[in-house]
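Participant: here is the input, now give the coordinates:
(one chain, ligands or ions: 1)
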Amino acid sequence: MTPPKGLRHFLDLLKKNGELLSVGEEVDPKFEVSEYLRQFDKERGPALLFEKVKGQPVRIAGNLVGTGKRLALAFGLQSEEKLLETYQKRRARRIEPRRVRSGPVKQVVIKDKKRVDLNTLAIPTYHERDGGPYITCGVLTAKDPVTGLRSMGLHRLQIKGRNKMGVHLTNPPISRFASEAEKNGKPLDIAVSLGAHPVILLASIVSSPSEDKVAIASSLLGSPIDLVRCETVDAEAPAYAEAVIEGKILPQVREMEGPFGETSGYYFSDNSYVIEVTAITHQRDPIIQALHPTVHEVTLLGGPAGEAEMIRMLRERGFTVTDLAISPSSNRAHVALSLRKNHDAEPRQLLHFLLSGISYIKHAVVVDDDVNVRDPEDVEWAMATRFQGDEDLVIIPNLKARGIDPSKKEGRFMTKVGLDATAPLALRERFKRISVPAEVREKVAGAIPRLLGQYSKAK
Ligand SMILES: Cc1cc2nc3c(=O)[nH]c(=O)nc-3n(C[C@H](O)[C@H](O)[C@H](O)COP(=O)(O)O)c2cc1C
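Facilitator: Here you go, the predicted structure:
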């Protein structure tokens, strides 16, 4: 199955697979869309397409890759079992994006200053105390003003007027591009895509600040992403995006942006860059994507990709990592990984490397490869039986904190903590897990479904 090119192709695929619910009744983009997304996600319900949005003739789609099955569909797979393996294979084969003359996103072009109006896009307001409507899944594309490297990033954008947005820009590469431009007193030209294919969204948050993330997205899709030139700025955008906002990040300008109810579960405001919008282009009947900050879709967009990227990075460094799992409820801050170690210093070396190298990981635990990192009970068992606080704890104070972490210290510092819950190599025998012979385990596992069947019939 080839993965689809754009959001609406992906919606068709969801529909064919019984994974999409079209909502016919009118919904208000202020709070209501957000709450539908949250409550449906709690039920692990289908992806949603709001057909009738109060005030504007646009549709809004959400909860698109809210389950592993739907994320697998975005990769052109029927089930999630092969997702990590497929990610790793495709990531290793570089595919370049390709420039095309035009595409569906150019069906309507608005560049007359008087007609450019962000309010026509029906951008949702998510939470009671939010500073206004927010674009939560706008993929920014821009070029490094020094090297010309093109890349992408996902950054929240507050609508501040017909042609003005606040943009929260702390993470590379886009933050670095903006500060390079600013050093020369120049604005940074950018394109913000709304309603891109989920794999483009996923690639935009891969932690790889010196690569072209559009190429990463092409590799992950297994075919080149088509890019079109912008009308008013020196930037490119996916040809199949539902809408593109073109604009300039202004140098030497900062304004309060927020509050916004973040992925952390707390409101967060910041002194942020400002974008002057120069044009809006969109498909004839655009579908705007909405991403609620606390739904499973956020975890799924960052989780499997983040896990695959960390495994890659650690193996390249010579650590025999056998598996790695980001905890779904930690907003990507907690990770457990299993290691086949050759020296007792390895877990601590790994923890120093991981905690200082990956900005969003705050707490990490290393276990032996006889522990299942995807089972929180198994990880807790290893912590209870293979960890001593005076010797096995790694504390790294005063690293740079995530801005959205409300527990961060003055000056945006944080302390990271690692736990070495592996058994000493010399004491392998003492730490041998209790078990029965493998053939008995398999025999009993094979008999259980039959016995359970008898049990439920007898009830
Ligand atoms: C849902 C979501 C929202 C994000 N919003 C922002 C944002 O508003 N500002 C920002 O600088 N980074 C934001 N990021 C993170 C960046 O896209 C980041 O560059 C990316 O996760 C790569 O990780 P890195 O910082 O380790 O390179 C967000 C990430 C996710 C998953």
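Participant: can you pull the contacts of G195?
Facilitator: Residues in contact with G195 (CB atoms under 8 Å, 6 or more residues apart in numbering) are G6, L7, A61, A241, E242, A243, P286, I287, I288, Q289. C-betas here are computed from N, CA, C, even on glycine.
Participant: quick check: it vs the ligand, distance?
Facilitator: 16 Å (CB to the nearest ligand atom, to the nearest Å).
Participant: can you pull the contacts of the closest residue to that residue other than its chain neighbours?
Facilitator: Counting by CB to CB, 6 or more residues apart in numbering, E242 is the residue found nearest to G195 once chain neighbours are left out, at 2.8 Å. Each residue near E242 by CB under 8 Å, 6+ apart is listed here: 6-8, 105, 193-196, 282-283, 286-289.
Participant: need the three-state assignment for the residue in the stretch 201-350 of the chain that the ligand sits nearest to.
Facilitator: For the stretch 201-350 of the chain, the residue closest to the ligand is S207, as judged by CB to the nearest ligand atom, at 3.4 Å. Three-state assignment for S207 (DSSP: H, G, I helix; E, B strand; the rest coil): coil.
Participant: show me the contacts for it.
Facilitator: G306, E309, I358, S359, Y360.
Participant: so which of those sit within strands?
Facilitator: In strands, judged by DSSP state E, none of the contacts of S207 are found.
Participant: which ones among the residues you listed also lie next to the ligand?
Facilitator: S359, Y360 (CB under 6 Å from any ligand atom).
Participant: out of the contacts of S207, which is most surrounded?
Facilitator: In terms of neighbour count, G306 stands highest of the contacts of S207 at 22 neighbours, by other CB atoms under 10 Å.
Participant: how about the nearest residue to that residue, chain neighbours excluded?
Facilitator: I326 (5.7 Å).
Participant: give me the pLDDT for that neighbour.
Facilitator: Listed pLDDT for I326 reads 96.
Participant: one more: P4?
Facilitator: Reported pLDDT for P4: 64.
Participant: any idea how far the ligand is from V139?
Facilitator: 9 Å.
Participant: does that residue touch R156 like I think?
Facilitator: No: assessed by CB atoms under 8 Å, V139 is found out of contact with R156, at 11.9 Å.
Participant: the two: who's more crowded?
Facilitator: V139 (29 against 25).
Participant: burial of K52, as a residue count?
Facilitator: 12.
Participant: give me the nearest residue to it, chain neighbours excluded.
Facilitator: E26 (4.5 Å).
Participant: show the pLDDT at that neighbour.
Facilitator: The model's pLDDT for E26 equals 98.
Participant: quick one: strands adjacent to the longest strand out of those in the chain?
Facilitator: When every strand of the chain is counted residue by residue (DSSP E), the longest turns out to be strand 267-282. Sheet pairing here is set by DSSP bridges, and for strand 267-282 it gives strand 108-110 (antiparallel), strand 164-167 (antiparallel), strand 243-249 (antiparallel), strand 255-261 (antiparallel).
Participant: so what's the gap between that strand and the chain middle?
Facilitator: 20 Å (CA atoms, centre = their mean, to the nearest Å).
Participant: for it, buried residues please.
Facilitator: Neighbour-count burial for strand 267-282, counted by 16 or more other CB atoms under 10 Å, picks out 267-268, 270, 272-275, 277-282.
Participant: now do stretch 55-75
Facilitator: 58-75.
Participant: keeping just the C-alphas, turn the longest strand of the chain into PDB.
Facilitator: Taking Å, rounded to 0.1, in the frame of the first residue of the first chain, the C-alpha atoms of strand 267-282 are listed here in PDB:
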ATOM      1  CA  TYR A 267      -0.800  27.300  30.800                       C
ATOM      2  CA  PHE A 268       2.400  28.800  29.600                       C
ATOM      3  CA  SER A 269       3.200  32.400  28.300                       C
ATOM      4  CA  ASP A 270       6.500  33.700  26.800                       C
ATOM      5  CA  ASN A 271       8.100  36.700  25.300                       C
ATOM      6  CA  SER A 272       8.000  35.500  21.600                       C
ATOM      7  CA  TYR A 273       8.900  36.400  18.000                       C
ATOM      8  CA  VAL A 274       6.200  38.000  15.800                       C
ATOM      9  CA  ILE A 275       5.300  37.000  12.200                       C
ATOM     10  CA  GLU A 276       4.000  39.500   9.700                       C
ATOM     11  CA  VAL A 277       1.800  37.600   7.300                       C
ATOM     12  CA  THR A 278       2.300  38.400   3.600                       C
ATOM     13  CA  ALA A 279       0.000  35.900   1.800                       C
ATOM     14  CA  ILE A 280      -2.400  33.000   2.400                       C
ATOM     15  CA  THR A 281      -2.800  30.200  -0.300                       C
ATOM     16  CA  HIS A 282      -5.200  27.300   0.100                       C
END
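Participant: which parts of the stretch 51-200 of the chain sit against the ligand?
Facilitator: G153, L154, H155, R156, H168, L169, T170, N171, P172, S175.
Participant: 5 Å instead, please
Facilitator: By CB under 5 Å from any ligand atom, the residues of the stretch 51-200 of the chain that approach the ligand are G153, L154, H155, R156, H168, T170, N171.
Participant: between these, which has the most around it?
Facilitator: Top of those by neighbour count (other CB under 10 Å): R156, with 25 neighbours.
Participant: what residues are up against it?
Facilitator: Y134, I135, T136, G138, V167, H168, F260.
Participant: do that again at 7 Å, thanks
Facilitator: Going by CB atoms under 7 Å, 6 or more residues apart in numbering, R156 touches Y134, T136, H168, F260.
Participant: if I look at the last one, how far off is E35?
Facilitator: The reference is to F260. Going from F260 to E35 by CB to CB, to the nearest Å gives 16 Å.
Participant: out of the contacts of R156, the closest to the ligand would be?
Facilitator: Using CB to the nearest ligand atom, the contacts of R156 come closest to the ligand at H168, 3.7 Å.
Participant: okay, that closest one: pLDDT?
Facilitator: So, for H168, pLDDT stands at 98.
Participant: do I have it right that it meets S272?
Facilitator: Yes: checked against CB atoms under 7 Å, the pair H168 and S272 is within contact range at 5.2 Å.
Participant: C-terminal to the helix or strand hosting K15, what's the next element?
Facilitator: If you go by DSSP states H and E, K15 is part of helix 7-16. Next in sequence after helix 7-16, counting helices and strands by DSSP H and E, comes strand 20-23.
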